[in-house]
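Participant: Need a 3D model of the following:
(one chain, ligands or ions: 2)
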Amino acid sequence: MNKIAKALTIAGSDSGGGAGILADIKTFQELEVFGMSAITAITAQNTLGVQGVYPLSVEAVQQQIKSIGEDIGTDALKTGMLFSSEIIQVVAEQIKHYQWRNVVVDPVMIAKGGASLLQREAIEALKKDLLPLATVITPNIPEAELLTGITIKRLADRQKAAQYLWDLGVAHVVIKGGHGEGELVDLLFDGKEFTEYRSERIQTKNTHGTGCTFAAAVTAELAKGREVKEAVQVAKDFIQAAVENQIEVGHGHGPTNHWAYRREKMKKHR
Ligand SMILES: Nc1ncnc2c1ncn2[C@@H]1O[C@H](COP(=O)(O)OP(=O)(O)O)[C@@H](O)[C@H]1O
Ligand SMILES: Cc1ncc(COP(=O)(O)O)c(N)n1
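Facilitator: Residues are numbered from 1 along each chain as shown. Ligands and ions are numbered 1, 2, ... in the order given. Model (predicted):
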């Protein structure tokens, strides 16, 4: 039998298929990792926005994780939309209980259209209970500002915010640069040095789910045993291909192309 890498996503469902659990599972599959999920909330969502948020009970979240922990286990896991401090606490307890490593925390707070995906008072629980367990955290600029209280205008501000998050116990901090202008830089900090991942910024409105997809790709590569620095590079290449090779879905901010990275790789090998 083939030994395979496994990854778990603990996140919300996006009915429109572009973000959340849906983006994560598609990304895991593309990177040849066996994907599993624990759903925290169901969102009624499309490319125009979020029409409804329906959180699941804490018990439902706990039981899904337990079902995986008691049988299958996982090589890496990612958290996305966690919605409440109660869900955050249960997730943190179970990560500790099963001694899971390779924990990627995407601190999802607000959908691009402005809908809240994390209750405001849950930010403290995220910082206190979950961040000390994180191998990697992947905030975008507004999320990094909310977590640190630092206003981010330049790269130096991002470096300060990364240091702040590292001091909370996160092993690696990636502050993404999607929210900005000009050349796109995602910044990694491991407590000692900063690594910049640069790419061309694609002019498009179809960036729904980019954050979820990026963090899922990091998680998949960690599940396969890659070091964080390399996993972030694969994730960067994966999201660049996904944004660049646009697909037509919906009438608003469309999703990215999850199969583009594999197609590009296949072309190169031909
Ligand atoms: N226009 C774009 N062109 C290329 N890559 C992008 C673009 N927008 C975002 N990305 C990439 O997608 C990932 C998510 O970025 P960001 O928009 O900052 O986060 P979020 O989706 O969480 O708001 C990052 O790796 C970023 O480099
Ligand atoms: C269920 C769910 N989870 C996360 C996001 C954030 O998506 P993005 O990756 O565009 O920041 C979303 N819109 N919906």
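
Participant: residues touching the residue of the stretch 1-150 of the chain found nearest ligand 1, list them.
Facilitator: Here the stretch 1-150 of the chain gets closest to ligand 1 at one residue, Asn140, 3.6 Å apart by C-beta to the nearest ligand atom. (Each C-beta comes from the backbone N, C-alpha and C, glycine too.) Contact partners of Asn140, counting by C-beta atoms under 8 Å, 6 or more residues apart in numbering, are 175-176, 178-179, 211.

Participant: out of everything not next to it in sequence, what's closest to it?
Facilitator: Residue nearest to Asn140 in three dimensions, not counting chain neighbours: Lys176, with 4.9 Å by C-beta to C-beta, 6 or more residues apart in numbering.

Participant: Return the per-residue confidence for the residue of the stretch 1-150 of the chain closest to ligand 1.
Facilitator: With respect to pLDDT, Asn140 has a value of 96.

Participant: ditto for Gln119
Facilitator: 85.

Participant: Report the contact partners of it.
Facilitator: 83-85.

Participant: Export the contacts of Asn140 as TSV, with columns for distance to ligand 1.
Facilitator: Output for those, formatted as TSV (distance: C-beta to the nearest ligand atom, whole Å):
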residue	distance to ligand 1
Ile175	8
Lys176	3
Gly178	2
His179	5
Gly211	2
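
Participant: Mind checking which of those land in strands?
Facilitator: Ile175 (DSSP state E).

Participant: Can you tell me which of the contacts of Asn140 has the most neighbours?
Facilitator: Comparing the contacts of Asn140 on neighbour count, Ile175 comes out first with 28 neighbours (neighbours: other C-beta atoms under 10 Å).

Participant: re the thing from before, would you check how far apart the residue of the stretch 1-150 of the chain closest to ligand 1 and Pro107 are?
Facilitator: Distance of Asn140 to Pro107, computed by C-beta to C-beta, to the nearest Å: 9 Å.

Participant: Helices of the protein, residue ranges please.
Facilitator: For the chain, the helices defined by DSSP state H occupy 20-30, 58-69, 85-97, 122-125, 141-148, 155-167, 210-223, 228-244, 260-269.

Participant: Pick the most deeply packed of those helices.
Facilitator: Highest mean neighbour count of the helices of the chain: helix 210-223, a mean of 29 (counted as mean count of other C-beta atoms under 10 Å).
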